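Undergrad: My questions are about this predicted structure, shown below with the sequence.
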Amino acid sequence: MKETNFFAVDLGATSGRTILGTVVDGKLIQRELTRFPNKIIQTGGHFYWDIYALYDEIIRGLKVVADEGIEIASIGIDTWGVDFVFVGKDGALLRNPYCYRDPHTDHAMEDYFRLVPKEKVYEKTGIQFMQFNSLFQLAALKKAGCSALEAADKILFVPDALMYMLTGEAVCEYTILSTSQFLDPRTKRIDPELIGAIGLDESMFGRYVNPSDRVGCLTPEVQEMTGLGAVPVVAVAGHDTGAAVASIPASNPNFAYLSCGTWSLLGIEVKEAIINEKSFEYNFTNEGGIEGTTRFLKNICGMWIFERCRKEWTEAPEDVRVVIEESVEAPAFQCFINPDAPDFANPVSMVEAIRNYCKRTGQYVPQGYKEMSRCIFESLALRYRQVLGYLKELSPVAIETLHVIGGASRNSHLMQFTANSTGLPVVAGPVEGTAIGNIMLQAKAAGLVGDMFEMRRIIADSISLTEYKPQDKEAWDQAYERYLQL
């Protein structure tokens, strides 16, 4: 019984962790080694990530491995998207990276569209427009005369920068590059016109690598600090959503996925990017996936509204599982909201926002946490059906199953509502998809699996999955007609 161990670094916008993943007898076992906060630093009118603190936490996790005498086959890192680090000609980092929440990109999109029209940017990239995308960050920095950009020899996205600090190798990983809005998904390279418009060129980025490519080995300095040897560092899906989608335990390509937590990402995995008038109209995005695939998806609301309401519900039980269970005590289909309406973006009171929306649309106004919870869950399920309808218009394959990953996959009522609403069987799990995808892409690099479906078979054999079959079709069809009229 041979065990192979992998060290995964999973960094989110509020916290990070290091995980030991062990593959043995065709099964995956996980153990969290360390967990730590990822704090935004505010100074001088800007918001920064502390790249050195993140690096130090990776070193701390590696020391745990060394102290326990564990032999690891490789190291992989995934993070949030779009943000980057500048490296000087002497190889030193020039400053901590800006956080995507920094206001310096206010109006940056409009300014950039004077250089390259909006429609042309979408035609070249197929990426939805958000002001914090890397292209607009760099354009804003260029306009502001940023000294770090002016002195930069290399621009490395956050997971690539951390791999550089571990190995000394400057790379540009495909999935994290795809969040930038200057990747051409057809060529899978940086578009020269888009970055050329702000005076940059392809040579300022590292060599291209794909998920499961080997980047390099730990430097002698890191080896000495950690007590480990020349452990390989592997480029996993550096974008955390790419890693999460890699963990979907699908047995064939005819599926849609819903990565569902605070926010939801609903999409499909395709061989070629889908860029046309409809995808532009529906505001879908094309991001890099594993094995050269594209993740064609739409960002929509998830459990954000529910979590905000929970902070206001003084009468509700503290245990979220009890609140979810009690939601079905409320009558069905009393009222609906559009979860993506501007009303729910960031109101002072989410409870009042829901009540006001229902009043304005001539509906029953929900009372108490049970009725409001049911309203939220039913509305999310109906919104998923609507977006899935757009996907079916655009998808090159028939969609037969909906795989749900992320924290909300544990919400059995939302999962059943989603199956009922969409008319598709819903397969819920895994909850910790990002770390699992990271580990299994390392296993692929080590030769333990041959392709994505073999990788996904191991995942399916290693975790508990729950399947929900559609029910109550007529009632949900009638509810959907009411929802569309809002």
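TA: Received, thanks.

Undergrad: Enumerate every residue touching Ala235.
TA: Residues in contact with Ala235 (Cβ atoms under 8 Å, 6 or more residues apart in numbering) are Gly76, Met163, Val171, Glu173, Val209, Asn210, Pro211, Ser212, Asp213, Arg214, Val215. Any C-beta I mention is one placed from the backbone N, CA and C, and that applies to glycine too.

Undergrad: State the distance from it to Ile405.
TA: Distance from Ala235 to Ile405, counting by Cβ to Cβ, to the nearest Å: 21 Å.

Undergrad: rewinding a little: now a PyMOL select for only the buried ones of the contacts of Ala235.
TA: Selection of the buried residues among the contacts of Ala235 in PyMOL, burial being defined by 16 or more other Cβ atoms under 10 Å:
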select buried, resi 76+163+171+173+209+210+211+212+213+215
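
Undergrad: Take the contacts of Ala235 and keep only those in helices.
TA: When helices are assigned by DSSP state H, the members of the contacts of Ala235 inside them are Met163.

Undergrad: Is Cys375 in contact with Arg355, as I believe?
TA: No: counting by Cβ atoms under 8 Å, Cys375 does not reach Arg355; the two are 10.2 Å apart.

Undergrad: Those two: which has the busier surroundings?
TA: Under the criterion of other Cβ atoms under 10 Å, the comparison of Cys375 against Arg355 puts Cys375 first, with 27 against 16.

Undergrad: pLDDT value on the more buried one, please?
TA: Cys375 is assigned 98 on the pLDDT scale.

Undergrad: Next, the contact list for it, please.
TA: Going by Cβ under 8 Å, 6+ apart, the list of residues near Cys375 reads Gln334, Cys335, Phe336, Ile337, Ile354, Cys358, Pro366.

Undergrad: Is it possible to get a markdown table of those that adds distance to Val270 and pLDDT?
TA: Shown next, in a markdown table, are the contacts of Cys375 (distance: Cβ to Cβ, whole Å; pLDDT from 0 to 100):
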| residue | distance to Val270 | pLDDT |
| --- | --- | --- |
| Gln334 | 38 | 98 |
| Cys335 | 36 | 98 |
| Phe336 | 31 | 98 |
| Ile337 | 31 | 98 |
| Ile354 | 36 | 98 |
| Cys358 | 38 | 98 |
| Pro366 | 39 | 98 |
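
Undergrad: which one of those sits closest to Leu265?
TA: Here the nearest of the contacts of Cys375 to Leu265, counting by Cβ to Cβ, is Ile337; it sits at 20.0 Å.

Undergrad: quick one on the thing from earlier: what do Cys375 and Arg355 both touch?
TA: Shared contacts of Cys375 and Arg355, counting by Cβ under 8 Å, 6+ apart, come down to Pro366.

Undergrad: Rebuild the contacts of Ala235 as JSON lines, extending it with distance to Leu394.
TA: Shown next, in JSON lines, are the contacts of Ala235 (distance: Cβ to Cβ, whole Å):
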{"residue": "Gly76", "distance to Leu394": "32"}
{"residue": "Met163", "distance to Leu394": "34"}
{"residue": "Val171", "distance to Leu394": "32"}
{"residue": "Glu173", "distance to Leu394": "27"}
{"residue": "Val209", "distance to Leu394": "29"}
{"residue": "Asn210", "distance to Leu394": "25"}
{"residue": "Pro211", "distance to Leu394": "24"}
{"residue": "Ser212", "distance to Leu394": "28"}
{"residue": "Asp213", "distance to Leu394": "30"}
{"residue": "Arg214", "distance to Leu394": "35"}
{"residue": "Val215", "distance to Leu394": "34"}
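
Undergrad: Among the contacts of Ala235, find me the one that's closest to Ile19.
TA: Closest approach to Ile19 among the contacts of Ala235 (Cβ to Cβ): Gly76, at 9.9 Å.

Undergrad: ok, that closest one touching Ala8?
TA: Yes: here Gly76 reaches Ala8: they are 5.5 Å apart, a contact under Cβ under 8 Å.

Undergrad: Residues that sit against both of these two, list them.
TA: Common neighbours of Gly76 and Ala8, counting by Cβ under 8 Å, 6+ apart, are Val236, Asn438, Ile439, Gln442.

Undergrad: just the buried members of those residues?
TA: Among those, those that count as buried by neighbour count (16+ other Cβ under 10 Å) are Val236, Asn438, Ile439, Gln442.

Undergrad: Which pLDDT value belongs to the nearest residue to the first one once chain neighbours are set aside?
TA: Right, the one you point to is Val236. In space, and not counting its chain neighbours, Val236 is closest to Gly76: 3.8 Å by Cβ to Cβ, 6 or more residues apart in numbering. We have a pLDDT of 98 for Gly76.

Undergrad: quick one: Gly76 from Val9, how far?
TA: Distance from Gly76 to Val9, by Cβ to Cβ: 7 Å.

Undergrad: who touches both of these two?
TA: Residues touching both Gly76 and Val9 by Cβ under 8 Å, 6+ apart: Asn438.

Undergrad: so how far is the first residue of stretch 361-370 from its last?
TA: One end of stretch 361-370 sits 21 Å from the other (Cα to Cα, to the nearest Å).

Undergrad: which residues touch it?
TA: Identification of contacts with stretch 361-370 by Cβ under 8 Å, 6+ apart yields 309-310, 313, 315-316, 323, 326-327, 329-330, 334-336, 354-355, 358-359, 372, 374-375, 486.

Undergrad: Sort out for me which of those residues are in helices.
TA: Cys309, Arg310, Val323, Glu326, Ile354, Arg355, Cys358, Lys359, Met372, Arg374, Cys375.
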